[in-house]
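*Asks:* Need coordinates for the following:
(one chain, ligands or ions: 1)
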Amino acid sequence: MDIRLQDAFRPVAHDLAAAGYAAELASDSLGMKDGMLRADLRIDGERLGIVAVDPAWDSAISTRQLAEQAQDLILEYVRPGHGAPMWPECRPGHPHPMTLAREIESATWTCPRDPDYQAPVGTHPGLIP
Ligand SMILES: [Zn+2]
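*Replies:* Presented below is the predicted three-dimensional model:
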């Protein structure tokens, strides 16, 4: 697997691990030849889907895109009972996941209601007590 993909995914894997998800990238099971760097995203050993980055993207944009793709897959496929389906959790009392900040070039989680509440992807504290 391409090292750029693995490097860009590392902060996302941190935030998943902080929330109790064992995330790993595995060889792309589709094998599309379109120039994108692809991998299967596996959570707790289960394949959720494909994540992909363009090799022309810089590392922050790649990490942001991987965070967004991982979030989509988690929210779509991980069911209650396999851990919190809300990822990443927002601050206490906020019953919504954080979203990626509007600035496309930054890999930062933010509260959808309070844009001042932020955490760079790779530094999320995990489950909020
Ligand atoms: Zn919030």
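*Asks:* Pull out the buried positions in the helix or strand D15 falls within.
*Replies:* Taking DSSP states H and E as the criterion, D15 maps to helix 3-18. Neighbour-count burial for helix 3-18, counted by 16 or more other C-beta atoms under 10 Å, picks out L5, A8, F9, P11, V12, A13, H14, D15, L16, A18. The way it works is simple: take the backbone N, C-alpha and C, and place the C-beta from them, glycine included.
*Asks:* Go ahead and measure how far stretch 7-20 is from the middle of the chain.
*Replies:* With C-alpha atoms, centre = their mean, to the nearest Å as the basis, stretch 7-20 stands 7 Å off its chain's centre.
*Asks:* can you list the residues that contact that stretch?
*Replies:* If you take C-beta atoms under 8 Å, 6 or more residues apart in numbering as the criterion, stretch 7-20 is touched by 22-25, 39, 43, 51, 53, 59, 62-63, 66-67, 70, 74, 83-84, 87-89, 107, 109, 120-127.
*Asks:* could you flag which of the residues you listed are buried?
*Replies:* 23, 25, 39, 43, 51, 53, 62-63, 66-67, 70, 74, 83-84, 87-89, 107, 109, 121-122, 124, 126.
*Asks:* What about these, which are in helices?
*Replies:* Among the buried ones among the contacts of stretch 7-20, the members falling in helices (DSSP state H) are S62, T63, L66, A67, A70, I74.
*Asks:* Quick check: bridge partners of P120?
*Replies:* Following DSSP bridges, P120 is listed with bridge partners T108.
*Asks:* wait, isn't it in contact with A101?
*Replies:* No: between P120 and A101 there is no contact under C-beta atoms under 8 Å: 9.4 Å.
*Asks:* Thought D28 was touching V53, still the case?
*Replies:* No: the criterion here is C-beta under 8 Å, and V53 misses it with D28 at 11.9 Å.
*Asks:* from the chain's centre, how far out does the helix holding D15 sit?
*Replies:* Centroid separation for helix 3-18 versus its chain: 8 Å, with C-alpha atoms, centre = their mean.
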